[in-house]
Every structure is written in structure tokens, then in C-alpha cells.
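J.: quick one, what's the 3D model for this:
(chains A and B)
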There are 2 protein chains.
Amino acid sequence: MAASVPAEGLQLRSLVKKSGELELSLASVPVGEPAPDEVVVRVEASPINPSDLGLLLGPADVSTLKAAGTSDRPVVTASIPDQFMRAVAARVDEAMPVGNEGAGTVVKAGSSPEAQKLLGRTVAILGGAMYAQYRTIKVQMCLPLPADATAADGASCFVNPLTALAMVQTMRMEGHTALVHTAAASNLGQMLNKICLKDGVQLVNVVRSDEQTKILRDIGAKHVVDSSKPTFMEDLISALKETGATLAFDAIGGGKLAGQILAAMEIALNSKPGAYSRYGSSTHKQVYIYGRLSTDPTVLTGAYGMAWGVGGFLLTPFLQKIGFAEAQKLRERVAAELKTTFASHYTRVISLREALKPEIIAAYNKRATGEKYLINPNL
Amino acid sequence: MAASVPAEGLQLRSLVKKSGELELSLASVPVGEPAPDEVVVRVEASPINPSDLGLLLGPADVSTLKAAGTSDRPVVTASIPDQFMRAVAARVDEAMPVGNEGAGTVVKAGSSPEAQKLLGRTVAILGGAMYAQYRTIKVQMCLPLPADATAADGASCFVNPLTALAMVQTMRMEGHTALVHTAAASNLGQMLNKICLKDGVQLVNVVRSDEQTKILRDIGAKHVVDSSKPTFMEDLISALKETGATLAFDAIGGGKLAGQILAAMEIALNSKPGAYSRYGSSTHKQVYIYGRLSTDPTVLTGAYGMAWGVGGFLLTPFLQKIGFAEAQKLRERVAAELKTTFASHYTRVISLREALKPEIIAAYNKRATGEKYLINPNL
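T.: Alright, predicted model coming up:
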């Protein structure tokens, strides 16, 4: 099996140039020789998560995408508006590999028994640089998949599943008793519904269309409110009164939604008799922004007293905070429920070369609900 | 002395009517007979802090202020825009007393030795309902002032001094090492500068004019940046690089400033070699909004990675969090430095009746730097 591993493989690179240009390309990089505790994985499935797009495209203006290079070695460029260059100053002129997670086959193994044991197995990896044909990585970073699971089955078994579990865990750790989630019909949102239904946690789903409402109703969601409806605020307030949710995870980020959720929480809290205080409810209301489906500025009106917070939320620091043992419990739950609670569905599988086509970039960058792209670097 | 206490006294009331009207008036209320552990204080000085204006005027449109009533019993009304009525639903039709803090003379005392000991003393109180001629209150709520201090000297010895001390304490508790403060030339901002100079804490002052810069330079401030200058962002970034501040207290609330501070912190953090991460700096950057000098929406662009937070900050929950013993240390420091670090200056002393004049309301509601109003309810 080791004989089938070439000396070099393609790796997708994202480069921000000082000139204000983003350049995506495929680099031929040596396949690293595995150390005793390492394996070489042929990557067969790596999803394009919203969290990957930040590194992949940065703040580039996708309407300026231009194809260059050859069909074998495509290059695509886009311009970055001046005002965003400062935010990416630290990555200028450094071609960065992309792709948080993925899965594939172990095609070469280091000399240790742990590494040898993985030879031929399909494993999932959360390790970065997964938009590549080969990835040399430590054994402990590999999650061996059940025998009946394909690389595609296991490609998304870290970011979305662990993030959904982290939301419920954060709710418990920070003393809240119910949750709000936006962009709630997403792949992650559906997982969160399944977790909450299983664990008996009340969840208010915020969606933007009847179609999304239906997706969630079909999997058993109880509270679904549609922000595109004129009755949105009333519907949200009434769901918040019913559930008592004071913590929200917002994937949209930009616009008014985070502030509307805080305002609705405040109104729901103040609707209890005797709750009025000159500074608003003393119950802390929190929105964590974990995605930026909208890159508009976040607009907060401040109509929610003084006991509120809005902040960024990211999986890795959360896992570091809870520590290895707690994080391991979450990972084990994902493995156990891979084909049920944490099943992912993809609308399209693309190659590395296709991932650099302007029209395909424009499509996956839309981040439309129900549309999820999977890269197979060995297509 | 007890003979001089009338049966009733005037008390300022703020009422939000269901009709969407704010009404300020003076009510004649009985002077409470003191229990054994209580005293009656003749209030002689109570400041109009920004934190009082929220309860006093609510979300009323001050351009619609109209005088009514008689010269002896003035009434003033203003309309509240529809969209804000929901936020004040819980206080509708309840006439609320106003005034967080103040000072005055103990004119009647309950039978306990502790109460009797205060008779004739000038005391400061953080107790609410201070825009009133008389206030019956527990002895333990009274801070006796030094013999050479007037009621005006002690009128503001809680809200601003304790808030300034709370900022420095929060910095230490949350693991930051330097501070940013906006509206920095305010009464509170000047106190904060004096505290930081004394305690060796680096402070970045954000102001809006040359005049405010001068006020702070004159008291020894090292880092002053002016948000009205074209070089503001560069100046702020360079002050943040120098100080390493990752915590800001923002009195403005509305507009772009909180987001600009987070963005500047992120740039300062990323300017260190090797700091780049795909999700931005992993150092947590925090802005606490403790005032709303601007009632515009807060606009956050999100150009600061994922390790950030914006939230409300209020003195009372902070004091509850640190507990009585720690809070007492802060109070004792205020008493010890009342005429130095924590000295307040007022531009105008007004009566309760003047406090209800539309043109005077418009003036104190401007919350202009260097302008601070003091109410003497017994004028």
C-alpha cells in the first residue's frame, strides 16, 4: 500500500498579497515521511464550512474573481477592498493551506504499533490543511471511523457536531436553561435540534423562509420563528416567554438580528410581574456570534438594559477551556451517533481544481441553507 | 432639630403613560418617620449623572418637551416614539422617584445609638429617590462625610468614584493589564486618570476635542487620542501597541467607536510577529458599554477575529459580584480621597422646579463634557 503514495501532492493555498490581491492556487508539496507516531492520509472528503471560507477567501470581493493559470494548475484572483487590508496585515505574502477537517484513507504509517494499526483504515481528522491530496499527521489526531462509514460520512464529524454540542454545554456552564439558534435550518442547526430533542433542552429556531421552517418541523422542532415574517418580533417574544431562553448562538453576525434577539429576551423577561428595574432586567442575556453569514456590520440598539453581552464564539478555545477529558466525551458522542444525530448531507462533491473556478466559488460562498460542498482532493 | 422637619416634602417623579407620554412632576410625599435604625436626611445636593437620565427621561424625544402645571407645581411632558414603548412596558403608569445618589444633613434620627450619632451630620447616600427634599433611610446606607466636607463635596461620592474603581478592578479580575476609556475627559474619566496614575495602570483616553485633550494632559494623562482627528485609528493603534490594553470601558455606547476600539486592539495584537491565526488573535478583547451618551445603535463591523466581547456594565451587579468586604474597601478609598482623586465639579446648581424646565432639561440632557448639574432639592 505504501507504494501507491506519490512523492508530492497538490495542496490548495490562499495568499493575500500586499498589492491587495487574493490569490488561490494549487501548490505541489512533498508528502511528508511519517514519523513513528504519524500516518499519511489520502484525503477523500473535506467539507467547505463557513469557518473555512474566512481563511480561504478572506475579505476579498468575490464579484472581482478572475480565473488565471492553466486548466491543470488553475489560479484564481480577487481584489480585497482597501479598508479590509489592515485586518489581514499579519497574513500578507504568506500562502496558507486551508481546510479544517476531513476524512480519508491511511495509506502509509510510521513504525509505532499505533500507527501501523491504522493502515488501510478510514479516519477523520481535525487538523487544518485538509484541502490537499495527502496529509501527514499524528495518530492521536485521527478518529478511526466505524467499518461501515465512508470518508464522506466522516468528513464533517468535528466542526459542526462539536460546535452544536459546545452550544448546549455552554448553556449549562453559563447558567442558562434554553437556547436560541439562528440560521437554524443549517446542517449544524439540524444537528442542534436533534441534540436538544434527545437531551430535553428547549430550543428556539430562527429561520428565514417557509422552506427552512418545514425542514425543522420535519425533524421535530417545536419552536420555529421566521424572521422574514411581519410578526417576527411577536413570535420570537412569545417563544422566549415559553422557553425562558437567555442565550443565543448567531451564525448570521451582521445586521439587526443579534440585537433583536436581545431586545426580545429583555421584553420576555420584563413581562414577568415585578421584574422592572431602572436598568432593565438584571438577568444576563447573551448572544454569541459564531459565524458571519452576513458580513454587514452588527447593529445593536441597546434596548435591553445593562445585563447583556455579545461576543465571538469559536470551537477551539471552547474545547481548550473545558479540557481534554470533557472534550473527549463530546468526540465519543459524535462517533457513536455519526449516522444519526450527526449525519451530514452534501449537495455537490468537487475536486481541488473545481474549488478554484470562479462560478463554483461564487456558489459555495453563498452559504445557502441546504447547500453544502464537499471537496474530494483525489477526484 | 427634629422640629424643623415638615410632614411632607417634594419628590421628583417620572411617569411613562400608556399613551406614549413621559410626564415629570413634583409629588408631595410624607416624610417617613424613622425606624430605630433609620434617619431622615434633608437632601441638599444630588448630581444628575448620565445613569440617572435613563430613568428620568427614558426614551422620550426631548425635542417634544412641553411645560405644563403651575410655577409652584410644574409638570413637563414629552412624547416617547412608538418603537421604544415596548422597552419601557414594565414601568408604564408607575410614577417613579429618581436620583441615585446625593448628600445632605441628618435632621431626625431613630432611637438607636447608631442613628442618634448621625444627628446633625452631613452624610452621603447611594439609595435612589434622592431628587427629593427628604429621604428616610437606614443608617448603614449613610456614609458620614469628614467635618470639612459640604453636601456638594459628597454628593457624587458613589456612582462615579466606585465606577472608576470598578473599571480598574475589572481589568485585574479579567486578566487585562491596561485600559481604554472613552468620553475620557468626563468627571468620571478624570477620576479614572487620577486612579491610574496613582496605581501605575496604563490608560488610553479617547476624547473628541482639543479642549478635552487639554483637560486630561493638564492632570498628567499620558495617552490621549482624539476621535475627531483624521489620524484617530493610527493614534489609537499606536497607543494600544504601547500599552497592551485589551479592555475598554465605553460611555458613548452608540455609533462605531466600540467596534473601532476592538478593531484597533486586534491590529495592535496582530502586529506582533507570529501572531496571525485564521480566526484572528486569540487574545480576548472586551468593550464594556457603561453609558449611552449616544443613543444611536452600536455598530460592530466584526473585523476583530472571534475572541471578542461587547456587553453592558453596571456598578451594582459588579459590587454584588465582588461582595461586601471588597466593596467596602473601595468605599473607604473614596472617603479617604474625597477632596483629591474623587473631587467633583459642577457647572450649575438647580432646584427641583428648575429640573423640570424644558430648556434646563435640554441643557443637562446634552451630557456635555465639563458640564455637570447638581440638584439642591431644598433650594
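
J.: nearest residue to A:Asp296 in space, please, no chain neighbours.
T.: Excluding the flanking residues, the one nearest A:Asp296 by Cβ to Cβ, 6 or more residues apart in numbering or on different chains is A:Gly254, at 3.3 Å. Where C-beta positions appear, they are placed from N, C-alpha and C, glycine not excepted.

J.: phi and psi next, for the one you found.
T.: The phi/psi pair for A:Gly254 (degrees, to the nearest 10) reads phi -80, psi 160.

J.: residue contacts, A:Ser344?
T.: By Cβ atoms under 8 Å, 6 or more residues apart in numbering or on different chains, the contact list for A:Ser344 reads A:Pro47, A:Ala155, A:Ser156, A:Asn160, A:Asn187, A:Lys372.

J.: distance-wise, check it relative to A:Met191.
T.: 8 Å (Cβ to Cβ, to the nearest Å).

J.: the contacts of A:Ser344 in helices, which ones?
T.: A:Asn160, A:Asn187 (DSSP state H).

J.: quick check: A:Ala164 is in a strand.
T.: No - A:Ala164: not assigned to a strand; according to DSSP: H, G, I helix; E, B strand; the rest coil it is helix.

J.: contacting residues around it?
T.: Neighbouring residues of A:Ala164 by Cβ under 8 Å, 6+ apart: A:Leu188, A:Met191, A:Leu192, A:Ile195.

J.: can you tell me which two in these are farthest apart?
T.: For these, with distances taken as Cβ to Cβ, the pair at the greatest spread is A:Leu188 and A:Ile195 (10.4 Å).

J.: who has more neighbours out of those two?
T.: Each of A:Leu188 and A:Ile195 has its neighbours counted (other Cβ atoms under 10 Å in any protein chain shown); A:Leu188 has more, 25 against 21.

J.: which non-adjacent residue is nearest the more buried one?
T.: Closest residue to A:Leu188 apart from its sequence neighbours, by Cβ to Cβ, 6+ apart: A:Asn160 at 4.3 Å.

J.: surely the one you found meets A:Met191?
T.: Yes - A:Asn160 lies in contact with A:Met191 (Cβ atoms under 8 Å); the separation is 5.9 Å.

J.: now do the shared contacts for the two.
T.: The contact sets of A:Asn160 and A:Met191 overlap at A:Phe342 (Cβ under 8 Å, 6+ apart).

J.: how far away is A:Pro81 from B:Arg121?
T.: In this view, A:Pro81 and B:Arg121 are 64 Å apart by Cβ to Cβ.

J.: quick one, which of those two is more surrounded?
T.: Per other Cβ under 10 Å, whichever of A:Pro81 and B:Arg121 has more neighbours is B:Arg121, with 16 against 11.

J.: quick check: phi and psi at the more buried one.
T.: For B:Arg121, the backbone dihedrals (degrees, to the nearest 10) come out as phi -80, psi 150.

J.: could you tell me which residues make contact with it?
T.: B:Thr105, B:Val106, B:Pro144, B:Leu145.

J.: I'd like to know which elements the helix or strand that A:Ala239 is a member of is packed against.
T.: Take DSSP states H and E as the rule and A:Ala239 turns out to sit in helix A:232-243. In terms of contacts (3 or more Cβ pairs under 8 Å, 6 or more residues apart in numbering or on different chains; DSSP states H and E), helix A:232-243 is packed against strand A:202-207, strand A:223-226, helix A:257-270.

J.: mind listing the strands the shortest one pairs with, and their directions?
T.: Translated: strand A:223-226. strand A:202-207 (parallel) (DSSP bridges).

J.: who are the packing partners of the helix or strand following the strand it pairs with?
T.: Heading C-terminal from strand A:202-207, the first helix or strand you meet, by DSSP H and E, is helix A:210-218. Here helix A:210-218 touches helix A:187-199, strand A:202-207, strand A:223-226, going by 3+ Cβ pairs under 8 Å, 6+ apart.

J.: right, so these: which one is the most enclosed?
T.: Comparing the helices and strands packed on helix A:210-218 by mean neighbour count (mean count of other Cβ atoms under 10 Å in any protein chain shown), strand A:202-207 ranks first with a mean of 25.

J.: what do A:Ser344 and A:Met191 both touch?
T.: Shared contacts of A:Ser344 and A:Met191 (Cβ under 8 Å, 6+ apart): A:Asn160.

J.: confidence score at the closest residue to chain B within the stretch 1-150 of chain A?
T.: Chain B sits closest to A:Ala90 of the stretch 1-150 of chain A, with a gap of 3.5 Å, by Cβ to the nearest Cβ. At A:Ala90, the model reports a pLDDT of 78.

J.: A:Val107 belongs to a helix, doesn't it?
T.: No - going by three-state DSSP, the assignment for A:Val107 is strand, not a helix.

J.: which stretches of the stretch 51-200 of chain A form helices?
T.: In the stretch 51-200 of chain A, the helices defined using DSSP state H, counting those that start in this stretch lie at A:82-85, A:113-118, A:151-154, A:159-173, A:187-199.

J.: what's the closest of those to B:Gly220?
T.: Closest to B:Gly220 of the helices of the stretch 51-200 of chain A, according to Cβ to Cβ: helix A:82-85, at 35.6 Å.

J.: where does pLDDT dip in the stretch 51-200 of chain A?
T.: Within the stretch 51-200 of chain A, no range satisfies pLDDT under 70.

J.: and the closest residue to A:Gly20 other than its chain neighbours, how far from A:Arg86?
T.: Of all residues not flanking A:Gly20 in the chain, A:Ile80 sits nearest, at 5.0 Å (Cβ to Cβ, 6+ apart). According to Cβ to Cβ, A:Ile80 stands 11 Å off from A:Arg86.

J.: can you pull the residues of the stretch 1-150 of chain A lying near chain B?
T.: With Cβ under 8 Å from any Cβ of the partner chain as the criterion, the stretch 1-150 of chain A meets chain B at residues A:Ser51, A:Gly54, A:Leu55, A:Pro59, A:Phe84, A:Arg86, A:Ala87, A:Ala89, A:Ala90, A:Arg91, A:Glu94, A:Met96.

J.: the fifth one and A:Pro59 touch, don't they?
T.: Yes - because the distance of 3.6 Å satisfies Cβ under 8 Å, A:Phe84 is recorded as touching A:Pro59.

J.: now do the shared contacts for the two.
T.: B:Ala303.

J.: out of the contacts of A:Ala164, which is nearest to A:Glu114?
T.: Ranked by distance to A:Glu114 (Cβ to Cβ), the contacts of A:Ala164 are led by A:Met191 at 30.0 Å.

J.: so how far is A:Ala183 from the residue lying closest to the closest one once chain neighbours are set aside?
T.: Once flanking residues are discounted, A:Met191 sits nearest to A:Ala164: 4.4 Å by Cβ to Cβ, 6+ apart. For A:Ala164, the distance to A:Ala183 equals 12 Å [Cβ to Cβ].

J.: A:Pro50 now?
T.: Distance of A:Pro50 to A:Ala183, computed by Cβ to Cβ: 9 Å.

J.: cool, and A:His223?
T.: 15 Å.

J.: cool, A:Leu293 as well?
T.: Separation of A:Leu293 from A:Ala183 (Cβ to Cβ) stands at 6 Å.

J.: which one of the two has more residues nearby?
T.: Taking other Cβ under 10 Å, A:Leu293 and A:Ala183 do not tie; A:Ala183 has more neighbours (26 against 20).

J.: and the stretch 251-379 of chain A, which of its residues are near chain B?
T.: Contact residues, the stretch 251-379 of chain A versus chain B (Cβ under 8 Å from any Cβ): A:253-254, A:259, A:263, A:266-267, A:270-271, A:275-276, A:278-279, A:282, A:289-290, A:292, A:295, A:297-314, A:316-317.

J.: so which of the residues you listed belong to strands?
T.: In this view, these that belong to strands under DSSP state E are A:253-254, A:289, A:295, A:297-300, A:308-312.

J.: of those residues, buried ones?
T.: Neighbour-count burial (16 or more other Cβ atoms under 10 Å in any protein chain shown) applied to these gives A:Gly253, A:Gly254, A:Ile289, A:Pro297, A:Thr298, A:Val299, A:Leu300, A:Trp308, A:Gly309, A:Val310, A:Gly311, A:Gly312.
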